[in-house]
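> Sequence first, predicted coordinates after that:
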Amino acid sequence: MRIACLGWGSLIWKPGVLPVAGEWKQDGPRLPIEFSRISDGGELATAICLNADPVPVLWAWLDVDNLSTAIQLLKQREAVPAERNDGIGSLKVTDTSAGLLAEWAKARNIDALIWTALPPRNDHVENCIPPIEQAVAYLTALQGETREHARDYIQRVPAQIDTAYRRIIVESLGW
């Protein structure tokens, strides 16, 4: 089974236990991604955000041939508790699979896809998107190592993840 992983944030430069095989490719599908998740590390992380404009994400082959194993490894990398049933998305591609993501995968001979599906989060509330003004105020108030980490995150996310929040954050904070 040929399995690929979609990525748009720190997974690209810090895959951890996820067995990425080769380089991340830039011709991924277009997904609605935004800097909308206040992460445990303090950064304003990228997440799938259904009201965001789609951007082209990245993808990489995984050196694993079992979808269940791939999901468990991504879950481990993302520190998603074992009892949590969400947080990781997957798609097994078959001849009858339909939709833009399935068609994109079929064109690349991908048998299965996985991705991080942690939702936006604001003030420790899942599925709550911080308004851009609040996101900028949050980042502005950070200090020390947490501020450095948050700035590094935004700067390291690939340029093709060009979102509305990112443009405003860079303009407002000079990051």
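The structure has been received and is ready for your questions. Residues are numbered from 1 along each chain as shown.

> For this structure, which segments count as helices?
With DSSP state H as the criterion, the chain has helices at 67-77, 100-107, 132-141, 144-156, 164-173.

> who's in contact with residue 172?
136, 140 (C-beta atoms under 8 Å, 6 or more residues apart in numbering). All C-beta spots, glycine's among them, are computed from the backbone N, C-alpha and C.

> Use 55 as the first number from now on
New numbering, starting at 55: the last item is residue 226.

> Roughly how far does it sit from residue 192?
12 Å (C-beta to C-beta, to the nearest Å).

> go on, residue 158?
Distance from residue 158 to residue 192, by C-beta to C-beta: 34 Å.

> What sits closest to residue 100 if chain neighbours are left out?
residue 63 (4.2 Å; C-beta to C-beta, 6 or more residues apart in numbering).

> Which among the helices of the chain is found nearest to residue 87?
Of all these, it is helix 218-227 that lies closest to residue 87, at 9.6 Å by C-beta to C-beta.

> Which positions in the closest one come out as buried?
Neighbour-count burial for helix 218-227, counted by 16 or more other C-beta atoms under 10 Å, picks out 219, 220, 223.

> center of this structure, which residue is that?
residue 62 (4.3 Å; C-alpha atoms, centre = their mean).

> got any ranges where this protein has weak pLDDT?
Counting by pLDDT under 70, the chain shows no low-confidence range.

> Now do the closest residue to residue 145 other than its chain neighbours against residue 103, distance only.
With sequence-adjacent residues excluded and distances taken as C-beta to C-beta, 6+ apart, residue 145 is closest to residue 167, at 4.6 Å. Here the criterion is C-beta to C-beta. By it, residue 167 lies 19 Å from residue 103.

> Looking at these two, which one has more neighbours?
Shown here are residue 167 and residue 103; by other C-beta atoms under 10 Å, residue 167 has more neighbours (25 against 20).

> and the closest residue to residue 200 other than its chain neighbours, what does it touch?
Nearest non-adjacent residue to residue 200, counting by C-beta to C-beta, 6+ apart: residue 96, 3.9 Å away. Residue 96 makes contact with 196, 200, 203, 204, according to C-beta under 8 Å, 6+ apart.

> any idea how far the third one is from residue 184?
Read it as residue 203. 17 Å.

> Between those two, which has more neighbouring residues?
The neighbour count for residue 203 versus residue 184, taken as other C-beta under 10 Å, is higher for residue 184 (23 against 14).
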